[in-house]
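S.K.: What follows is a predicted protein model with its sequence.
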Amino acid sequence: MPHLRWWIAALLFLSTVINYVDRQTLSVLAPELTKTLGLSQIEYSNILTAFLAAYTVMYIGSGFLVDRLGTRVSLALFMAWWSIANMAHALAQGVWSLGALRFLLGMGESGNYMAAFKVVSEWYPAKERAFVNGLIQAGGTVGAVIAVPLIAWINLEYGWRLAFVLTGALGLVWLVFWLWIYRVPETTAAAEEQRPAIPFAELFRYPQTWGLMVSRFLSDPVWWFYLFWLPKYMVEKRGFTMVEMAAITWLPYLTADIGALFGGWLSGRMIARGREVLHARRLCMLPFAMLMPLSMLVNHVSANAALALMSVITFAHMAWKANQSTLTNDIFPKPMIGRASGVLAFGNGLGGTLFTWATGYIVQWFGYDAIFFIMGLLHPIAFLITHRYVRKAI
(Lines give C-alpha, C1' and ligand atoms only; values in the text may rest on other atoms or scores of the structure.)
Protein backbone atom coordinates (compact mmCIF):
# COMPACT_ATOMS: atom_id res chain seq x y z
CA MET A 1 0.00 0.00 0.00
CA PRO A 2 1.55 3.37 -1.00
CA HIS A 3 2.39 5.66 1.94
CA LEU A 4 1.39 2.92 4.37
CA ARG A 5 3.01 4.55 7.40
CA TRP A 6 0.84 7.65 6.97
CA TRP A 7 -2.27 5.51 6.70
CA ILE A 8 -1.14 3.94 9.96
CA ALA A 9 -0.64 7.41 11.46
CA ALA A 10 -4.20 8.28 10.39
CA LEU A 11 -5.54 5.17 12.13
CA LEU A 12 -3.64 6.03 15.33
CA PHE A 13 -5.10 9.53 15.13
CA LEU A 14 -8.62 8.12 14.72
CA SER A 15 -8.21 5.60 17.55
CA THR A 16 -7.38 8.47 19.88
CA VAL A 17 -10.30 10.53 18.57
CA ILE A 18 -12.61 7.64 19.46
CA ASN A 19 -10.83 7.12 22.78
CA TYR A 20 -11.57 10.71 23.80
CA VAL A 21 -15.10 10.79 22.44
CA ASP A 22 -15.89 7.78 24.60
CA ARG A 23 -14.36 9.16 27.77
CA GLN A 24 -15.80 12.64 27.16
CA THR A 25 -19.35 11.32 26.86
CA LEU A 26 -19.73 11.32 30.63
CA SER A 27 -18.11 14.75 31.00
CA VAL A 28 -20.46 16.36 28.48
CA LEU A 29 -23.47 14.66 30.07
CA ALA A 30 -22.30 15.44 33.63
CA PRO A 31 -24.66 18.42 34.22
CA GLU A 32 -27.61 16.26 33.12
CA LEU A 33 -26.55 13.11 34.98
CA THR A 34 -25.85 15.12 38.11
CA LYS A 35 -29.54 16.03 38.20
CA THR A 36 -30.99 12.79 36.79
CA LEU A 37 -29.03 10.44 39.04
CA GLY A 38 -28.69 12.89 41.95
CA LEU A 39 -24.89 13.04 42.03
CA SER A 40 -23.03 15.34 44.41
CA GLN A 41 -19.69 16.96 43.53
CA ILE A 42 -17.86 14.34 45.58
CA GLU A 43 -19.82 11.44 44.07
CA TYR A 44 -19.05 12.71 40.57
CA SER A 45 -15.39 13.02 41.53
CA ASN A 46 -15.42 9.44 42.87
CA ILE A 47 -16.91 8.17 39.59
CA LEU A 48 -14.10 9.88 37.68
CA THR A 49 -11.60 8.41 40.12
CA ALA A 50 -12.92 4.91 39.40
CA PHE A 51 -12.09 5.43 35.73
CA LEU A 52 -8.66 6.85 36.46
CA ALA A 53 -7.78 4.16 39.01
CA ALA A 54 -8.34 1.41 36.44
CA TYR A 55 -6.74 3.54 33.71
CA THR A 56 -3.63 4.03 35.83
CA VAL A 57 -3.19 0.45 37.03
CA MET A 58 -3.69 -0.90 33.51
CA TYR A 59 -0.93 1.29 32.11
CA ILE A 60 1.62 -1.23 33.30
CA GLY A 61 -0.53 -4.23 32.42
CA SER A 62 -1.28 -2.95 28.94
CA GLY A 63 2.41 -2.15 28.41
CA PHE A 64 3.24 -5.81 29.05
CA LEU A 65 0.45 -6.90 26.70
CA VAL A 66 1.78 -4.68 23.93
CA ASP A 67 5.27 -6.17 24.23
CA ARG A 68 3.88 -9.71 24.50
CA LEU A 69 1.08 -9.70 21.90
CA GLY A 70 2.42 -7.06 19.53
CA THR A 71 0.89 -3.77 18.51
CA ARG A 72 -1.63 -5.11 16.00
CA VAL A 73 -3.40 -7.58 18.30
CA SER A 74 -3.11 -5.58 21.51
CA LEU A 75 -4.57 -2.36 20.12
CA ALA A 76 -7.46 -4.32 18.58
CA LEU A 77 -8.11 -5.93 21.96
CA PHE A 78 -8.06 -2.60 23.80
CA MET A 79 -10.40 -0.95 21.30
CA ALA A 80 -12.97 -3.75 21.47
CA TRP A 81 -12.93 -3.77 25.29
CA TRP A 82 -13.41 -0.06 25.87
CA SER A 83 -15.98 0.35 23.08
CA ILE A 84 -18.24 -2.32 24.58
CA ALA A 85 -17.70 -0.90 28.08
CA ASN A 86 -18.73 2.57 26.90
CA MET A 87 -21.89 1.23 25.27
CA ALA A 88 -22.77 -0.52 28.55
CA HIS A 89 -22.97 2.88 30.30
CA ALA A 90 -26.50 3.08 28.90
CA LEU A 91 -27.46 0.54 31.60
CA ALA A 92 -26.32 2.74 34.54
CA GLN A 93 -28.89 3.34 37.27
CA GLY A 94 -26.93 5.22 39.93
CA VAL A 95 -23.56 6.15 41.36
CA TRP A 96 -22.36 2.58 41.98
CA SER A 97 -23.26 1.14 38.59
CA LEU A 98 -21.89 4.21 36.81
CA GLY A 99 -18.66 3.98 38.81
CA ALA A 100 -18.28 0.26 37.97
CA LEU A 101 -18.78 0.92 34.26
CA ARG A 102 -16.26 3.77 34.33
CA PHE A 103 -13.80 1.35 35.93
CA LEU A 104 -14.27 -1.11 33.04
CA LEU A 105 -13.86 1.71 30.52
CA GLY A 106 -10.60 2.78 32.16
CA MET A 107 -9.22 -0.77 31.99
CA GLY A 108 -9.27 -0.64 28.20
CA GLU A 109 -8.62 2.99 27.32
CA SER A 110 -5.06 3.38 28.61
CA GLY A 111 -3.85 0.64 26.27
CA ASN A 112 -4.45 2.90 23.28
CA TYR A 113 -1.39 4.96 24.13
CA MET A 114 0.88 2.06 25.08
CA ALA A 115 0.29 0.47 21.66
CA ALA A 116 0.49 3.79 19.79
CA PHE A 117 3.83 4.72 21.36
CA LYS A 118 5.34 1.42 20.26
CA VAL A 119 3.94 1.81 16.74
CA VAL A 120 5.76 5.16 16.58
CA SER A 121 9.04 3.43 17.43
CA GLU A 122 8.35 0.66 14.92
CA TRP A 123 7.55 2.87 11.94
CA TYR A 124 9.05 6.39 12.28
CA PRO A 125 12.55 7.95 12.52
CA ALA A 126 13.47 10.41 15.30
CA LYS A 127 12.76 13.52 13.23
CA GLU A 128 9.15 12.38 12.63
CA ARG A 129 8.31 10.82 15.99
CA ALA A 130 7.28 13.98 17.83
CA PHE A 131 5.02 15.02 14.95
CA VAL A 132 3.32 11.62 14.87
CA ASN A 133 3.02 11.64 18.67
CA GLY A 134 1.60 15.15 18.33
CA LEU A 135 -0.87 13.79 15.78
CA ILE A 136 -1.88 11.09 18.27
CA GLN A 137 -2.30 13.68 21.03
CA ALA A 138 -4.22 15.87 18.58
CA GLY A 139 -6.60 12.98 18.06
CA GLY A 140 -7.56 13.31 21.71
CA THR A 141 -8.31 16.98 21.42
CA VAL A 142 -10.21 16.51 18.16
CA GLY A 143 -12.23 13.87 19.98
CA ALA A 144 -12.91 16.34 22.76
CA VAL A 145 -13.95 19.00 20.23
CA ILE A 146 -16.28 16.61 18.42
CA ALA A 147 -17.67 15.15 21.62
CA VAL A 148 -19.16 18.33 23.04
CA PRO A 149 -21.60 19.27 20.22
CA LEU A 150 -22.16 15.67 19.10
CA ILE A 151 -23.07 14.29 22.51
CA ALA A 152 -25.06 17.36 23.49
CA TRP A 153 -27.12 16.98 20.30
CA ILE A 154 -27.69 13.23 20.78
CA ASN A 155 -28.72 13.90 24.37
CA LEU A 156 -31.23 16.56 23.34
CA GLU A 157 -32.70 14.44 20.55
CA TYR A 158 -32.56 10.90 21.90
CA GLY A 159 -31.46 10.98 25.55
CA TRP A 160 -28.25 10.28 27.40
CA ARG A 161 -28.42 6.47 27.23
CA LEU A 162 -28.30 6.37 23.43
CA ALA A 163 -25.39 8.83 23.51
CA PHE A 164 -23.27 6.15 25.19
CA VAL A 165 -24.37 3.46 22.74
CA LEU A 166 -23.64 5.46 19.59
CA THR A 167 -20.26 6.77 20.69
CA GLY A 168 -19.16 3.30 21.80
CA ALA A 169 -20.07 1.80 18.43
CA LEU A 170 -17.51 4.00 16.64
CA GLY A 171 -14.64 1.85 17.89
CA LEU A 172 -16.08 -1.33 16.44
CA VAL A 173 -16.09 0.28 12.99
CA TRP A 174 -12.48 1.43 13.39
CA LEU A 175 -11.47 -2.10 14.37
CA VAL A 176 -12.23 -3.46 10.89
CA PHE A 177 -9.81 -1.04 9.21
CA TRP A 178 -7.04 -1.58 11.77
CA LEU A 179 -7.03 -5.36 11.36
CA TRP A 180 -7.07 -4.96 7.59
CA ILE A 181 -4.22 -2.44 7.27
CA TYR A 182 -1.71 -2.77 10.11
CA ARG A 183 1.35 -5.02 10.10
CA VAL A 184 4.59 -4.77 12.09
CA PRO A 185 7.53 -3.84 9.79
CA GLU A 186 9.65 -6.89 9.02
CA THR A 187 12.89 -5.17 10.00
CA THR A 188 11.47 -4.26 13.41
CA ALA A 189 10.17 -7.76 14.05
CA ALA A 190 13.53 -9.29 13.13
CA ALA A 191 15.45 -6.86 15.33
CA GLU A 192 13.24 -7.57 18.35
CA GLU A 193 13.68 -11.32 17.94
CA GLN A 194 17.47 -10.88 18.12
CA ARG A 195 17.45 -8.62 21.20
CA PRO A 196 17.50 -10.39 24.60
CA ALA A 197 14.59 -9.67 26.95
CA ILE A 198 15.24 -6.78 29.35
CA PRO A 199 14.05 -7.39 32.92
CA PHE A 200 11.22 -5.16 34.03
CA ALA A 201 13.01 -4.18 37.26
CA GLU A 202 15.94 -2.81 35.25
CA LEU A 203 13.80 0.17 34.20
CA PHE A 204 13.98 1.54 37.73
CA ARG A 205 17.77 1.66 37.72
CA TYR A 206 17.75 4.69 35.44
CA PRO A 207 17.23 8.29 36.61
CA GLN A 208 15.55 8.99 33.25
CA THR A 209 12.71 6.66 34.25
CA TRP A 210 12.12 8.43 37.55
CA GLY A 211 12.53 11.89 36.04
CA LEU A 212 9.95 11.26 33.32
CA MET A 213 7.57 9.53 35.71
CA VAL A 214 7.57 12.40 38.22
CA SER A 215 7.38 14.99 35.45
CA ARG A 216 4.29 13.32 34.02
CA PHE A 217 2.80 12.86 37.50
CA LEU A 218 2.90 16.63 37.93
CA SER A 219 1.90 17.92 34.50
CA ASP A 220 -0.79 15.54 33.21
CA PRO A 221 -3.44 16.36 35.87
CA VAL A 222 -3.95 19.73 34.15
CA TRP A 223 -5.33 18.01 31.05
CA TRP A 224 -7.53 15.71 33.10
CA PHE A 225 -9.12 18.77 34.70
CA TYR A 226 -9.94 20.37 31.35
CA LEU A 227 -11.20 17.06 30.03
CA PHE A 228 -13.46 16.13 32.95
CA TRP A 229 -14.35 19.40 34.68
CA LEU A 230 -14.51 22.10 32.00
CA PRO A 231 -18.17 21.49 30.96
CA LYS A 232 -19.21 21.43 34.64
CA TYR A 233 -17.24 24.59 35.38
CA MET A 234 -18.80 26.53 32.51
CA VAL A 235 -22.34 25.51 33.52
CA GLU A 236 -22.07 25.74 37.31
CA LYS A 237 -19.60 28.60 37.79
CA ARG A 238 -20.07 30.67 34.64
CA GLY A 239 -23.84 30.17 34.32
CA PHE A 240 -23.96 28.71 30.80
CA THR A 241 -26.79 26.46 29.68
CA MET A 242 -26.02 23.02 28.21
CA VAL A 243 -26.54 24.41 24.70
CA GLU A 244 -24.34 27.46 25.33
CA MET A 245 -21.66 25.26 26.89
CA ALA A 246 -21.67 22.96 23.87
CA ALA A 247 -21.38 25.96 21.56
CA ILE A 248 -18.20 27.39 23.12
CA THR A 249 -16.21 24.77 25.06
CA TRP A 250 -14.83 23.19 21.89
CA LEU A 251 -12.38 26.12 21.60
CA PRO A 252 -9.87 25.06 24.32
CA TYR A 253 -9.86 21.58 22.81
CA LEU A 254 -9.23 22.98 19.33
CA THR A 255 -6.27 25.05 20.52
CA ALA A 256 -4.96 21.96 22.29
CA ASP A 257 -5.14 20.19 18.94
CA ILE A 258 -3.09 22.93 17.29
CA GLY A 259 -0.62 22.88 20.17
CA ALA A 260 -0.01 19.13 19.85
CA LEU A 261 0.81 19.42 16.15
CA PHE A 262 2.87 22.58 16.56
CA GLY A 263 4.92 21.23 19.46
CA GLY A 264 5.73 18.04 17.57
CA TRP A 265 6.58 19.90 14.38
CA LEU A 266 8.82 22.39 16.20
CA SER A 267 11.15 19.85 17.82
CA GLY A 268 11.20 17.77 14.62
CA ARG A 269 12.29 20.87 12.72
CA MET A 270 15.11 21.47 15.20
CA ILE A 271 16.31 17.88 14.88
CA ALA A 272 16.21 18.03 11.08
CA ARG A 273 18.50 21.09 11.30
CA GLY A 274 21.05 19.21 13.40
CA ARG A 275 19.97 19.87 17.00
CA GLU A 276 20.63 16.95 19.38
CA VAL A 277 17.36 15.03 19.91
CA LEU A 278 16.88 15.29 23.68
CA HIS A 279 18.07 18.89 23.76
CA ALA A 280 15.53 19.80 21.07
CA ARG A 281 12.70 18.21 23.06
CA ARG A 282 13.62 20.03 26.29
CA LEU A 283 14.17 23.33 24.48
CA CYS A 284 10.65 23.13 23.05
CA MET A 285 9.10 22.26 26.40
CA LEU A 286 10.46 25.31 28.26
CA PRO A 287 8.38 28.16 26.76
CA PHE A 288 5.20 26.11 26.98
CA ALA A 289 5.82 25.41 30.67
CA MET A 290 6.29 29.13 31.27
CA LEU A 291 2.81 29.89 29.87
CA MET A 292 1.00 27.66 32.36
CA PRO A 293 0.92 30.13 35.33
CA LEU A 294 -1.71 32.04 33.31
CA SER A 295 -4.07 29.50 34.85
CA MET A 296 -4.07 31.53 38.08
CA LEU A 297 -6.00 34.31 36.32
CA VAL A 298 -8.82 32.19 34.88
CA ASN A 299 -11.26 32.51 37.76
CA HIS A 300 -10.71 36.29 38.12
CA VAL A 301 -11.67 37.51 34.65
CA SER A 302 -14.80 37.62 32.51
CA ALA A 303 -16.20 34.45 30.93
CA ASN A 304 -14.84 35.36 27.48
CA ALA A 305 -11.40 36.23 28.86
CA ALA A 306 -11.39 33.02 30.88
CA LEU A 307 -12.16 31.02 27.74
CA ALA A 308 -9.29 32.75 25.92
CA LEU A 309 -6.87 32.02 28.78
CA MET A 310 -7.94 28.40 28.94
CA SER A 311 -7.38 28.12 25.21
CA VAL A 312 -3.79 29.37 25.58
CA ILE A 313 -3.25 26.97 28.48
CA THR A 314 -4.50 23.91 26.60
CA PHE A 315 -2.40 24.91 23.56
CA ALA A 316 0.72 25.11 25.73
CA HIS A 317 -0.03 21.89 27.59
CA MET A 318 -0.45 19.77 24.47
CA ALA A 319 2.61 21.29 22.78
CA TRP A 320 4.51 20.35 25.95
CA LYS A 321 3.00 16.86 26.01
CA ALA A 322 3.82 16.07 22.36
CA ASN A 323 7.51 16.45 23.23
CA GLN A 324 7.29 14.93 26.70
CA SER A 325 5.65 11.73 25.44
CA THR A 326 8.18 11.42 22.60
CA LEU A 327 11.03 11.35 25.11
CA THR A 328 9.97 7.75 25.82
CA ASN A 329 10.69 6.81 22.19
CA ASP A 330 13.98 8.73 22.25
CA ILE A 331 15.33 7.24 25.47
CA PHE A 332 14.29 3.58 25.56
CA PRO A 333 15.14 0.81 23.03
CA LYS A 334 12.28 -0.61 20.94
CA PRO A 335 11.93 -4.01 22.69
CA MET A 336 11.07 -2.30 25.99
CA ILE A 337 8.93 0.59 24.68
CA GLY A 338 5.67 -1.06 25.79
CA ARG A 339 6.83 -1.68 29.36
CA ALA A 340 8.60 1.66 29.61
CA SER A 341 5.54 3.50 28.32
CA GLY A 342 3.39 1.66 30.85
CA VAL A 343 5.64 2.54 33.78
CA LEU A 344 5.91 6.20 32.78
CA ALA A 345 2.22 6.49 32.03
CA PHE A 346 1.56 5.08 35.49
CA GLY A 347 3.09 8.32 36.78
CA ASN A 348 0.72 10.58 34.86
CA GLY A 349 -2.22 8.27 35.59
CA LEU A 350 -1.46 8.33 39.32
CA GLY A 351 -1.18 12.12 39.25
CA GLY A 352 -4.43 12.42 37.31
CA THR A 353 -6.24 10.02 39.64
CA LEU A 354 -5.16 11.78 42.83
CA PHE A 355 -5.75 15.25 41.42
CA THR A 356 -9.19 14.38 40.02
CA TRP A 357 -10.21 12.77 43.30
CA ALA A 358 -9.00 15.81 45.24
CA THR A 359 -10.65 18.26 42.84
CA GLY A 360 -14.14 17.31 44.01
CA TYR A 361 -13.24 18.09 47.62
CA ILE A 362 -11.31 21.25 46.79
CA VAL A 363 -14.15 22.62 44.62
CA GLN A 364 -16.76 21.81 47.25
CA TRP A 365 -14.77 23.26 50.15
CA PHE A 366 -12.66 26.06 48.60
CA GLY A 367 -14.03 26.71 45.10
CA TYR A 368 -12.42 26.58 41.67
CA ASP A 369 -9.90 29.36 42.38
CA ALA A 370 -7.66 27.03 44.40
CA ILE A 371 -7.62 24.49 41.55
CA PHE A 372 -6.53 27.04 38.94
CA PHE A 373 -3.79 28.34 41.26
CA ILE A 374 -2.35 24.86 41.81
CA MET A 375 -2.42 24.05 38.09
CA GLY A 376 -0.38 27.17 37.32
CA LEU A 377 2.62 25.78 39.22
CA LEU A 378 2.77 22.20 37.99
CA HIS A 379 4.44 22.51 34.58
CA PRO A 380 7.35 24.78 35.65
CA ILE A 381 8.20 22.29 38.41
CA ALA A 382 7.88 19.38 35.98
CA PHE A 383 10.25 21.10 33.54
CA LEU A 384 12.94 21.52 36.20
CA ILE A 385 12.75 17.79 36.96
CA THR A 386 12.90 16.85 33.27
CA HIS A 387 15.87 19.17 32.68
CA ARG A 388 17.75 17.66 35.61
CA TYR A 389 17.18 13.93 35.04
CA VAL A 390 16.32 13.37 31.38
CA ARG A 391 19.56 14.15 29.60
CA LYS A 392 20.63 11.02 27.66
CA ALA A 393 19.27 7.86 26.06
CA ILE A 394 19.56 4.47 27.73
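M.R.: Everything's here; your move. Numbers count the residues shown, from 1 in each chain.
S.K.: burial of A201, as a residue count?
M.R.: By the measure other C-beta atoms under 10 Å, the count of residues near A201 is 7. Backbone N, C-alpha and C define where each C-beta goes, glycine included.
S.K.: how much space is there between it and I362?
M.R.: Going from A201 to I362 by C-beta to C-beta, to the nearest Å gives 36 Å.
S.K.: L212 too?
M.R.: L212 is 27 Å from I362, by C-beta to C-beta.
S.K.: Between the two, point out the one with more neighbours.
M.R.: L212 (28 against 18).
S.K.: doesn't T328 make contact with the more buried one?
M.R.: Yes: using C-beta atoms under 8 Å, L212 is in contact with T328, at 7.0 Å.
S.K.: quick one: common contacting residues for the two?
M.R.: Contact criterion C-beta atoms under 8 Å, 6 or more residues apart in numbering; residues shared by L212 and T328: L344.
S.K.: if I pick L283, what's in contact with it?
M.R.: S267, M270, R275.
S.K.: Please identify which of those is nearest to A306.
M.R.: Of all those, A306 sits closest to S267, with 29.9 Å by C-beta to C-beta.
S.K.: And the pLDDT at the closest one?
M.R.: As predicted, S267 sits at a pLDDT of 84.
S.K.: Tell me, how many residues neighbour it?
M.R.: Per other C-beta under 10 Å, the neighbour tally for S267 reads 31.
S.K.: do I42 as well
M.R.: 14.
S.K.: Check the gap between it and A370 for me.
M.R.: On the measure of C-beta to C-beta, I42 and A370 end up 16 Å apart.
S.K.: do L307 as well
M.R.: For L307, the distance to A370 - C-beta to C-beta - is 20 Å.
S.K.: what do you get for S311?
M.R.: As judged by C-beta to C-beta, S311 and A370 stand 22 Å apart.
S.K.: and the two? which has more neighbours close in?
M.R.: Neighbours were counted for S311 and for A370 using other C-beta under 10 Å; S311 has more, 18 against 14.
S.K.: now the nearest residue to the more buried one once chain neighbours are set aside: how far from V312?
M.R.: Using C-beta to C-beta, 6 or more residues apart in numbering and skipping the chain neighbours, the partner closest in space to S311 is T255 (4.2 Å). In this view, T255 and V312 are 7 Å apart by C-beta to C-beta.
S.K.: hey, where'd the strands end up in the stretch 201-350 of the chain?
M.R.: Assigned by DSSP state E, counting those that start in this stretch, the strands in the stretch 201-350 of the chain number zero.
S.K.: in it, what spans have low per-residue confidence?
M.R.: Counting by pLDDT under 70, the stretch 201-350 of the chain shows low-confidence ranges at 242, 246-247, 334-335, 337-338.
S.K.: where along the stretch 201-350 of the chain do the helices fall?
M.R.: 207-219, 221-228, 230-236, 242-248, 250-272, 277-291, 303-331, 337-366 (DSSP state H, counting those that start in this stretch).
S.K.: Could you dump those helices into a markdown table and include distance to T49?
M.R.: Listed next are these as a markdown table, based on distance: least, C-beta to C-beta, whole Å:
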| stretch | distance to T49 |
| --- | --- |
| helix 207-219 | 16 |
| helix 221-228 | 10 |
| helix 230-236 | 15 |
| helix 242-248 | 23 |
| helix 250-272 | 22 |
| helix 277-291 | 27 |
| helix 303-331 | 21 |
| helix 337-366 | 4 |
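S.K.: right, so of these, which gets closest to L135?
M.R.: Per C-beta to C-beta, nearest to L135 of the helices of the stretch 201-350 of the chain: helix 250-272, 6.7 Å.
S.K.: now the closest one against helix 221-228, angle please.
M.R.: In terms of direction (axes from the mean of the first three to the mean of the last three C-alpha atoms, to 10 degrees), helix 250-272 departs from helix 221-228 by 140 degrees.
S.K.: Please name every helix or strand in contact with helix 250-272.
M.R.: Helix 250-272 sits against helix 126-158, helix 221-228, helix 277-291, helix 303-331, with contacts defined as 3 or more C-beta pairs under 8 Å, 6 or more residues apart in numbering; DSSP states H and E.
S.K.: Work out the gap between the first one and the centre of the chain.
M.R.: Taking C-alpha atoms, centre = their mean, to the nearest Å, one finds the center of helix 126-158 at 10 Å from the center of the full chain.
S.K.: which residues touch whichever helix or strand comes after it?
M.R.: In the C-terminal direction, the helix or strand that comes right after helix 126-158 (DSSP states H and E) is helix 160-181. Outside helix 160-181, the residues within contact range by C-beta under 8 Å, 6+ apart are 1, 4, 7-8, 11, 14-15, 18, 21-22, 25, 29, 32-33, 36, 72, 75-76, 79-80, 82-90, 147, 150-151, 154-155.
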